[in-house]
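In: this one's structure only:
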């Protein structure tokens, strides 16, 4: 049976500009594999407009992977070409798939200016022209003198672009559309037409542009040996482009090359429209789920957890959903800032990693920490990834039947020893939930691998366990080591009448019995208080016995001292009497 896949984004925005990431990746390849990671998304590897200081999204030269002295440095922010290739080889030697981050929609840092006619457009409605034809000076000529035609002699000029945002002569900013050009029509409709994003915008209807990007794609795929791609800012590029670009590669190399696109929009229907237009050829990051988790983490315990997976890509297209918690754009201080708060991170990673649906992607900032913001790694993340690799298999039972406390179980499979798990989480008060995990676990003990609950949970004869969770916490229960598990019944599927899918409409499911949950909570609180009372009484009893022992020792000591004093006194009296008698005789 194939083990679960787990991706990681192995960079964050604020990494030092020290050109060492590729070397660190190579050195860490075995540890990355051991953590349960099967695919790694590496940052843009080509030269950006700011050279070694460029994160990689201000694209200058796609063919310079840290080989040429351009933009003030030979290496990129992450290292040299050779170090990049060595890192890829080390990862592939460990069986880890490598995804390259590619940015094809715009260019920045041109080598020369050109004078052309253009039209000014409304920044907030790109379909509205607000300035007639006028001549502007634009940075649109890319000649790459430092590379001197190695790998490609293609030179970019203004005819390969739609527009820009800066007139270098007047030093005025705006949205300028070049004469004879039209914005791509099949793009996101934010701002009327969101073709233009930044820099100089590539014209994806130009034949020379399409031919050059296909040539580069083939060169890059062969030259680097990567396995797939993360596609940047797909909402700003004609929806047909990446489908055709990928099909060209897949056909040429006869491989099912994986690709995931970044379409930044929280509206599910908009993502589904892109999937339809691209004929399900490209996976997408589940942005709606990210925002659900962001809102939950900022809700002060008031988020209705029955909605956490509602209206998400993973709920309707799990085979195309790459789920994630945070990324480089959602970090503090970035353009799409929407960071999931630290207390909710274990909840979030349990949701994306310990369920059957979706392809989860961990974030470097959660895996390694973010020194720029003094953020520590999510301490539970590596445990959760290990549980995904070793335990997260089998039929799923959902218990999304309460506003604050939700959970699910996986029955496990016979092919993977000790597989199966239970997850219970809350954004508010703690409590218990009775969940079915399978009769094959009858009599078995489950423990919380995150160590938030100390108590062992024993599965009853019917396959149910009464699982617990602390306030504002999550517990991930796995089988305690050294137990015998019965054979799973694969022919007859059991469904608990209290199960409620995470993907059902809330209005269509019965409201969870709050009174029943309150009784459970009150009973749990009563048990806790009784346990505290017993422990207090035991402590007081032990203290009393200790004091009694100490007092007994003191009394015994006093009695012995009195006896000694009495003996000494009697001896002295006798000696005095004898002395008196002797004197009389003398």
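Out: Arrived safely, thanks for sending. If you're wondering where the values come from, they're calculated on a predicted model, not measured in any experiment. Numbers count the residues shown, from 1 in each chain.
In: For the rest of this, base every contact and every neighbour count on C-alpha atoms.
Out: Will do.
In: Surely residue 303 touches residue 427?
Out: Yes: here residue 303 reaches residue 427: they are 7.3 Å apart, a contact under C-alpha atoms under 8 Å.
In: Looking at these two, which is more packed in?
Out: residue 427 (26 against 20; other C-alpha atoms under 10 Å).
In: The more buried one reaches residue 306, doesn't it?
Out: No: Residue 427 is beyond contact range of residue 306, at 11.4 Å (criterion: C-alpha under 8 Å).
In: shared neighbours, these two?
Out: residue 404 (C-alpha atoms under 8 Å, 6 or more residues apart in numbering).
In: thinking again about what came up before, hey, what's in contact with both of residue 303 and residue 427?
Out: With C-alpha under 8 Å, 6+ apart, residue 303 and residue 427 have common neighbours 296, 404.
In: What lies in contact with stretch 237-251?
Out: Residues contacting stretch 237-251 (C-alpha under 8 Å, 6+ apart): 105, 184-187, 195, 204, 214, 217-218, 256-257, 274, 277-278, 281-282.
In: With stretch 306-321 instead?
Out: Counting by C-alpha under 8 Å, 6+ apart, 268, 271-272, 280, 282-289, 292-293, 296, 322-323, 357-359, 400-404, 406, 502-506 sit against stretch 306-321.
In: try 6 Å this time
Out: 283-286, 288-289, 292, 357-358, 400, 403, 503 (C-alpha atoms under 6 Å, 6 or more residues apart in numbering).
In: the domain parsing of the chain - what is it?
Out: 7-105+205-390, 112-202, 396-512, 515-586 (automatic domain parsing).
In: How far away from the center of its chain is the third one?
Out: I take that to be domain 396-512. Centroid separation between domain 396-512 and its chain, computed with C-alpha atoms, centre = their mean, to the nearest Å, is 23 Å.
In: what is the rounded mean pLDDT of it?
Out: For domain 396-512, the mean per-residue pLDDT is 93.
In: ditto for stretch 539-552
Out: 78.
In: What is the burial count for residue 550?
Out: Neighbourhood size, residue 550 [other C-alpha under 10 Å]: 11.
In: Look up how far residue 541 lies from it.
Out: Separation of residue 550 from residue 541 (C-alpha to C-alpha, to the nearest Å): 14 Å.
In: So which of the domains of the chain is nearest residue 1?
Out: domain 396-512 (6.8 Å; C-alpha to C-alpha).
In: where are the low-confidence patches of the protein?
Out: 507-525, 528, 552-586 (pLDDT under 70).
In: Name the single longest strand found in it.
Out: strand 125-141 (DSSP state E).
In: So what touches it?
Out: Strand 125-141 has contacts (C-alpha under 6 Å, 6+ apart) with 110-122, 156-158, 167-169, 191-193.
In: chain center to that strand: distance?
Out: Taking C-alpha atoms, centre = their mean, one finds the center of strand 125-141 at 40 Å from the center of the full chain.
In: Okay, now the sheet partners of that strand, with direction.
Out: strand 112-122 (antiparallel) (DSSP bridges).
In: Okay, and the beta partners of the residue nearest the centre of the chain?
Out: Nearest residue to the geometric centre of the chain (C-alpha atoms, centre = their mean): residue 362, 3.4 Å. Taking DSSP bridges as the rule, residue 362 bridges to residue 8.
In: Distance of it relative to residue 223?
Out: 27 Å.
In: cool, and residue 287?
Out: Residue 287 is 32 Å from residue 223, where distance means C-alpha to C-alpha.
In: what do you get for residue 443?
Out: 56 Å.
In: These two: which has the busier surroundings?
Out: residue 443 (20 against 10).
In: Not counting sequence-adjacent ones, nearest residue to that one?
Out: Nearest residue to residue 443, sequence neighbours excluded (C-alpha to C-alpha, 6 or more residues apart in numbering): residue 459, at 5.2 Å.
In: backbone phi and psi for that neighbour, please?
Out: phi -80, psi 130 (degrees, to the nearest 10).
In: Hmm, residue 439 and it touching each other?
Out: No: the criterion here is C-alpha atoms under 6 Å, and residue 459 misses it with residue 439 at 8.3 Å.
In: Please name the bridge partners of residue 467.
Out: Going by DSSP bridges, residue 467 forms beta bridges with residue 433.
In: before we move on, what about residue 119?
Out: According to DSSP bridges, the partner residues bridging residue 119 are residue 177.
In: which residues touch it?
Out: For residue 119, the contacting residues are 131-133, 176-177, by C-alpha under 6 Å, 6+ apart.
In: again, only using 8 Å
Out: 129-134, 176-179.
In: By neighbours, which of those wins?
Out: The most crowded member of these, judged by other C-alpha under 10 Å, is residue 176 (29 neighbours).
In: The residue nearest to that one when sequence neighbours are not counted: how many residues sit nearby?
Out: Closest residue to residue 176 apart from its sequence neighbours, by C-alpha to C-alpha, 6+ apart: residue 120 at 4.6 Å. Look at residue 120: counted by other C-alpha under 10 Å, it has 22 neighbours.
In: Brilliant, that's me finished.
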